[in-house]
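K.L.:
Compute the structure for the input listed below.
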Amino acid sequence: GMCYLERTVTVIPYPLIQPVASPDTTFLCELDEAELTVTSVDTVDAEYTWYSDADMLDSIGSGNAITVDPDSTQYYYVTAFDENGCSEKDSVLVVRFPSLNLEAFGDTIICAVATIPLWATTTEDAEIEWFTDLGTPSFDMGNNILVTPQEGNNIYYAVSTDIITGCKDTTDVSVQVNLL
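P.N.:
Numbers count the residues shown, from 1 in each chain. Next comes the predicted model:
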């Protein structure tokens, strides 16, 4: 004779952990920071660890949000661990636009009211606006301008705006007029 044994097994699958890091891509100008966040679909009790490398060796923080300030464009990775010991990862790209490296020239001291040149340069293709007060409309545009400063210390602000990215940079020029 043959013997048969019948057994019923119940398999309860764990819900799939699905971390969703956001935003998928972030664009940063010089001096900007990015806040990255993560949530998990179907998992409320997940723990998150953030990394700056794909091998996930360089942990840069934990939690569902982190602020980053990369020197250049790079990916960030997050791993979600749930209460069942399951884990999964997601990534985001943070794009760092190049610095405009705005420089303005024409700092000087003169002894009479006169018209003098001021000029500015950038390392990227940018428009340059000139201001006497950053809270007011610009008084001129272009890399090379002429000004007629009055007696005393005159500050002129150059503000460059990258034509492609919209990133800005600001610097100033000081012209002292000492009447004789």
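K.L.:
what does the helix or strand of the chain with the lowest mean pLDDT contact?
P.N.:
Every helix and strand in the chain was compared by mean pLDDT, DSSP states H and E; the lowest is strand 18-22, with a mean of 89. Applying Cβ atoms under 8 Å, 6 or more residues apart in numbering, the contact partners of strand 18-22 are 36-43, 46, 48, 76, 78-80, 88-92. C-beta coordinates here come from the backbone N, C-alpha and C atoms, glycine included.
K.L.:
from these, which would you call buried?
P.N.:
36, 38, 40, 43, 46, 48, 76, 78-80, 88-90, 92 (16 or more other Cβ atoms under 10 Å).
K.L.:
can you put the residues you listed in CSV and add distance to residue 113, secondary structure and pLDDT?
P.N.:
CSV is the format used below for those (distance: Cβ to Cβ, whole Å; DSSP: H, G, I helix; E, B strand; the rest coil; pLDDT from 0 to 100):
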residue, distance to residue 113, secondary structure, pLDDT
36, 54, strand, 97
38, 61, strand, 95
40, 67, strand, 83
43, 71, coil, 60
46, 68, coil, 87
48, 63, strand, 94
76, 55, strand, 97
78, 61, strand, 96
79, 66, strand, 94
80, 67, strand, 92
88, 70, strand, 90
89, 66, strand, 93
90, 63, strand, 95
92, 55, strand, 97
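K.L.:
mind listing what the residue most central in space within the chain touches?
P.N.:
Closest residue to the average C-alpha location of the chain: residue 28 at 2.5 Å, with Cα atoms, centre = their mean. Going by Cβ under 8 Å, 6+ apart, residue 28 touches 34, 69, 70, 94, 95, 96, 97.
K.L.:
Kindly state the beta-bridge partners for it.
P.N.:
residue 96 (DSSP bridges).
K.L.:
pLDDT below threshold where in the chain?
P.N.:
Applying pLDDT under 70 to the chain flags the ranges 43-44.
K.L.:
50 instead, please
P.N.:
Applying pLDDT under 50 to the chain flags no residue at all.
K.L.:
For stretch 77-86, buried residues please.
P.N.:
Neighbour-count burial for stretch 77-86, counted by 16+ other Cβ under 10 Å, picks out 77, 78, 79, 80, 81, 82.
K.L.:
Could you check how far the residue nearest to the centre of the chain is from residue 70?
P.N.:
Distance check for residue 28 against residue 70: by Cβ to Cβ, to the nearest Å, it reads 8 Å.
K.L.:
circling back: if I look at the residue nearest to the centre of the chain, how far off is residue 145?
P.N.:
30 Å.
K.L.:
Check residue 175 too.
P.N.:
12 Å.
K.L.:
now residue 102
P.N.:
14 Å.
K.L.:
How about residue 10?
P.N.:
80 Å.
K.L.:
What of residue 107?
P.N.:
14 Å.
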